[in-house]
Every structure is written in C-alpha cells, then in structure tokens.
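J.: please find the sequence and the predicted model below.
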Amino acid sequence: MSAKTETISVANRKTKVIHGFIYAFLIILALIYLLPLAWVVITSLKDDSVLMISPWALPERPMWENYSFSWVMGHLGTATLNSFIVCSITLVFSMVFGAMAAFGIAKMRWKLSKLVLTYFMVGMMIPVHCVLIPLFVQFSSLKLSNSLIGIIIPYITFSLPITIYIMAGFFEGIPNELFESACIDGCSVYRMFTTVGIPLAKTGFMVTGLMTFVGNWNELLLAMVFISKEAKKTLPVSLTKFVGPYHTNYCQMFAAIVIAVIPTIIVYCLFANQIVEGLTAGAVKG
C-alpha cells in the first residue's frame with residue numbers, strides 16, 4: 001500500500017512540475033504580447049523630446065492632449081467611419097455568400113464539390129501583391145479608384161476563401177439526419193439552410209465574422225493604393241500621415257495607434273472564448 005501511495009505522490013509531483021512549466025510559459029508568452037502594447041500606451045502620453053531622452057521611462061505628466069491632437073489633425077473621426085462602413089459591408093456580403101457556398105459544398109451532393117472547395121482554397125494562397133497592379137489598372141478604367149466600393153470589392157474577394165473553408169467545416173459537422181428530417185417535413189434547400197444550417201453553425205458565423213471584420217479593419221496595402229482622397233481614407237491609411245520624410249510625430253502617432261487598436265481589443269476580449277472554440281471545432285471537422 002505504501003509503494004502505491006509513493007507512486008501516486010511521485011506522479012502528482014511530476015504533474016505539478018509540468019503544470020508549473022506550462023503556466024510559466026504562458027505567463028512569458030502573455031508578457032511578450034502585452035509589454036509592447038503597454039509601452040505604446042505609455043509612449044502615447046509623452047512628448048517627443050522626452051521619448052528621445054528616455055524611451056523606457058514613465059511620463060512625468062501624462063499628455064492626454066496627444067489623443068485630441070491625433071483625433072483632430074489625423075481626421076481619425078472620418079477615417080474610423082470609413083473603416084466601419086467598409087468592414088461592415090464586407091462582413092455582410094462575405095458572410096452571406098461564403099455561408100451559402102460552404103453549405104452547398106458541404107451538404108449538397110454534386111460531383112465537383114471537392115474541386116470547387118479546392119478552387120476557393122487556392123485563393124487563400126494568392127498574396128494580394130500579385131494582383132495589386134492588375135486591380136489598380138482595372139479599377140482606374142472603371143472609375144472605382146478613390147471610392148469605398150473600390151476597396152470593398154477586393155476585401156470581399158479575399159475574405160471569401162477563409163470564410164468558405166471554415167464554414168464548410170462547421171456545416172460538415174452537422175448530422176445529415178437533421179437535414180433529412182427537414183426534407184421529409186417539406187423544407188426546401190433554402191429553408192434547410194436558413195432554419196437548420198444557420199442556427200447550428202452560429203459559432204462558425206461568429207468566428208469568421210470576427211476574423212473578417214478585424215482583418216479588414218487593419219488592412220493597409222489596398223486602401224493606401226486605391227484611396228488618395230482625404231475624405232475616403234480608412235483608419236490604417238490615416239495613421240501614415242504622422243510619418244513624414246523629415247519629421248515624425250512619434251507620440252501623437254502612438255496615440256493614434258492606440259485609438260485604432262481599441263476596437264479590435266474590445267472585440268477580442270468580448271468574444272475570445274467563442275473564437276478559440278470555433279477555430280478548434282472548424283479545424284477538427286474540416
């Protein structure tokens with residue numbers, strides 16, 4: 001009995017040591033991500049001269065006026081509104097079209113379903129740089145440059161592959177018996193999609209929706225190339241105005257960065273559990 005008790009005690013000690021290493025690793029990982037963000041917030045409350053002398057010191061007097069300066073001089077109000085409009089429209093269209101395509105691929109029987117899914121997955125492998133010049137030439141000829149629709153269209157296009165891939169995994173995880181029962185009750189394909197598929201795949205909608213919104217909220221390259229008018233610039237493009245060829249307002253720029261990051265931090269804090277759960281489920285089922 002004593003030998004068995006000693007074996008259990010040794011196993012418990014090993015488990016505690018392993019858990020200690022895991023917790024230490026997670027704490028270090030959290031600090032790696034949080035310390036740069038904390039430094040940006042602290043720097044946004046300094047003056048440029050203080051920053052150059054002691055970049056790691058705390059500000060003697062917090063300069064909250066950096067935020068008002070960034071908001072007014074950077075036209076962040078208009079830029080935030082433009083980003084919200086672009087991301088919201090992109091979110092709606094990519095979720096609607098992506099969910100319908102994923103449902104057709106995952107639950108409808110037709111010969112080319114796997115080939116079509118592969119076709120959409122290829123879209124995930126094409127970097128935006130490869131199509132930047134052709135898109136710019138084409139949109140210029142169509143008079144779509146310097147307009148929000150000119151970046152909404154490519155945003156939807158590049159958001160669809162990942163949306164379809166993740167949503168197809170969620171739809172495949174729904175038992176076919178539920179759709180067969182709905183079909184016996186007289187439901188059409190469209191009604192099965194709306195009454196059975198959408199409610200049971202709501203976690204997938206949340207995950208892909210958040211990924212689409214946050215990804216397009218932070219997108220810079222397409223918006224910078226296609227938009228040159230001040231009134232049409234999105235938030236990431238407006239941040240570049242604080243960097244000049246001869247002078248950079250670092251502290252004001254960091255204040256603007258904090259303003260731009262706050263919405264994404266709030267979203268992730270509110271839906272962190274759903275994001276992890278949904279990505280795990282989609283990865284296993286897909």
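T.: Great, that's in hand. Numbering: from 1, shown residues only.

J.: would you mark the buried spots in stretch 46-54?
T.: Neighbour-count burial for stretch 46-54 flags 46-48, 50-51 (criterion: 16 or more other C-beta atoms under 10 Å). Bear in mind the C-beta positions are built from the backbone N, C-alpha and C, glycine included.

J.: just how off-centre is that stretch within its chain?
T.: How far stretch 46-54 lies from its chain's middle: 33 Å, per C-alpha atoms, centre = their mean, to the nearest Å.

J.: mean confidence for that stretch?
T.: In this model, stretch 46-54 has an average pLDDT of 82.

J.: what does that stretch contact?
T.: Contacts with stretch 46-54, where a contact means C-beta atoms under 8 Å, 6 or more residues apart in numbering, come from 43, 57, 59-60, 63, 249-251.

J.: which one of the residues you listed is nearest to Leu210?
T.: Thr43 (28.2 Å; C-beta to C-beta).

J.: give me the number of residues near the closest residue to the closest one other than its chain neighbours?
T.: Excluding the flanking residues, the one nearest Thr43 by C-beta to C-beta, 6 or more residues apart in numbering is Phe254, at 4.7 Å. Residues within reach of Phe254, counting by other C-beta atoms under 10 Å, total 22.

J.: which stretches in the stretch 1-150 of the chain count as helices?
T.: With DSSP state H, counting those that start in this stretch, the ranges of helices along the stretch 1-150 of the chain come out as 2-43, 48-53, 65-73, 76-107, 113-125, 132-141, 149-172.

J.: which stretches of the protein have low pLDDT?
T.: 1-11, 244-247, 272, 274-286 (pLDDT under 70).

J.: quick check: domain ranges of it?
T.: Listed by automatic domain parsing, the domain ranges of the chain are 2-43, 74-285.

J.: ok, Phe271 - contacts?
T.: For Phe271, the contact set (C-beta under 8 Å, 6+ apart) comprises 206, 210.

J.: if we can go back for a sec, what's the closest of the contacts of stretch 46-54 to Met95?
T.: Using C-beta to C-beta, Thr43 is the member of the contacts of stretch 46-54 that lies nearest Met95, at 37.0 Å.

J.: so the closest one touches Cys251, yeah?
T.: Yes - taking contacts as C-beta atoms under 8 Å, Thr43 lies within contact range of Cys251: 6.1 Å.

J.: what strand or helix carries Arg191?
T.: For Arg191, the host element (DSSP states H and E) is helix 189-192.

J.: beyond that helix, next helix or strand please.
T.: Downstream of helix 189-192, the next assigned helix or strand under DSSP H and E is helix 198-200.

J.: what about the helix or strand following that following helix, distance to the chain center?
T.: For helix 198-200, the succeeding helix or strand toward the C-terminus, using DSSP H and E, is helix 202-217. Taking C-alpha atoms, centre = their mean, one finds helix 202-217 lying 6 Å from the centre of the chain it belongs to.

J.: go on, stretch 221-238?
T.: For stretch 221-238, the separation from the chain centroid amounts to 19 Å (computed by C-alpha atoms, centre = their mean).

J.: can you mark which positions in it are buried?
T.: By 16+ other C-beta under 10 Å, the buried positions in stretch 221-238 come out as 222-223, 225-227, 232-238.

J.: pick out the most distant pair among these.
T.: For the buried residues of stretch 221-238, the farthest-apart pair by C-beta to C-beta is Val225 and Leu235; their separation is 15.9 Å.

J.: out of the buried residues of stretch 221-238, the closest to Thr80 would be?
T.: Using C-beta to C-beta, Leu235 is the member of these that lies nearest Thr80, at 5.5 Å.

J.: looking at the buried residues of stretch 221-238, which is nearest Val189?
T.: Closest to Val189 out of the buried residues of stretch 221-238 is Leu222 (34.9 Å), distances taken as C-beta to C-beta.

J.: thanks again, I'm all set now.
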